[in-house]
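Asks: Output the structure for:
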Amino acid sequence: MTVTYVIEGSRVTGPESFWTVIGEAVNGPGGYFGRNLDAFADCLGGGMGTPDDDDYVIEWRDHALSARALGHEETARYLDRLAGRAHESNRGRLREESAQAALGLGPTLFDRLVEIIRERTGPDTLRLL
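Replies: Numbers count the residues shown, from 1 in each chain. Modelled structure (predicted):
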C-alpha cells in the first residue's frame, strides 16, 4: 500500500516553516524530518519515518505558493545565514551564491528541495500539485 505524505504549500512561508510542515507530514505533530538541506536529504534516505520499502509519495499541494515563499529573495537570506556560520573555506562560495540569488539568478531553495527529493527518492515520488 502506498503511503502519501502531504506538504501543504500554503503553510510554507520560509525554510523554518517548511521543516515544520514536512516533519509533521511524515512523523506527525512536532515531528522531525530535517532542519537543513543536508539533514533533509539524509532523512529521505530512510529510517526517519518513511516506509522501509520506499512505497510512498510526497504530494506537495499549492507548490506554487511554496515556490514563491522559497524563491530567490529567501534563498539569498538563507545563504547569508549559512555563510555567517560556515567554515571559512565555504564562505566565499556561499556569499557568491547569495549574491546571485539576490539578483534573481541560480536555483532557489524550492528548486533545491525538489532536486533533493527527486535525487533521493526517484522521479515519480514527488507530485507537485
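
Asks: Would you map the strands across the protein?
Replies: Here the chain has its strands, by DSSP state E, at 3-8, 56-61, 126-128.

Asks: Going by neighbour count, list what's buried in the shortest one.
Replies: Right, strand 126-128. For strand 126-128, the buried set under the neighbour-count rule, 16 or more other C-beta atoms under 10 Å, comprises 126, 128. C-betas here are computed from N, CA, C, even on glycine.

Asks: For it, name the packing helices and strands.
Replies: Contacts defined by 3 or more C-beta pairs under 8 Å, 6 or more residues apart in numbering; DSSP states H and E place strand 126-128 against strand 56-61, helix 109-121.

Asks: I would like the residues contacting the helix or strand bottoming out on mean pLDDT in the chain, please.
Replies: Least confident helix or strand of the chain, by mean pLDDT, DSSP states H and E, is helix 37-44 with a mean of 92. Applying C-beta atoms under 8 Å, 6 or more residues apart in numbering, the contact partners of helix 37-44 are 19, 22, 26, 32-34, 48-50, 112-113, 116-117, 119-121.

Asks: With respect to residue 5, which of those residues is nearest?
Replies: Using C-beta to C-beta, the shortest approach to residue 5 within the contacts of helix 37-44 belongs to residue 26, at 5.3 Å.

Asks: wouldn't the closest one be in contact with residue 33 here?
Replies: Yes - in this structure, residue 26 is within contact of residue 33 by C-beta atoms under 8 Å, at 4.7 Å.
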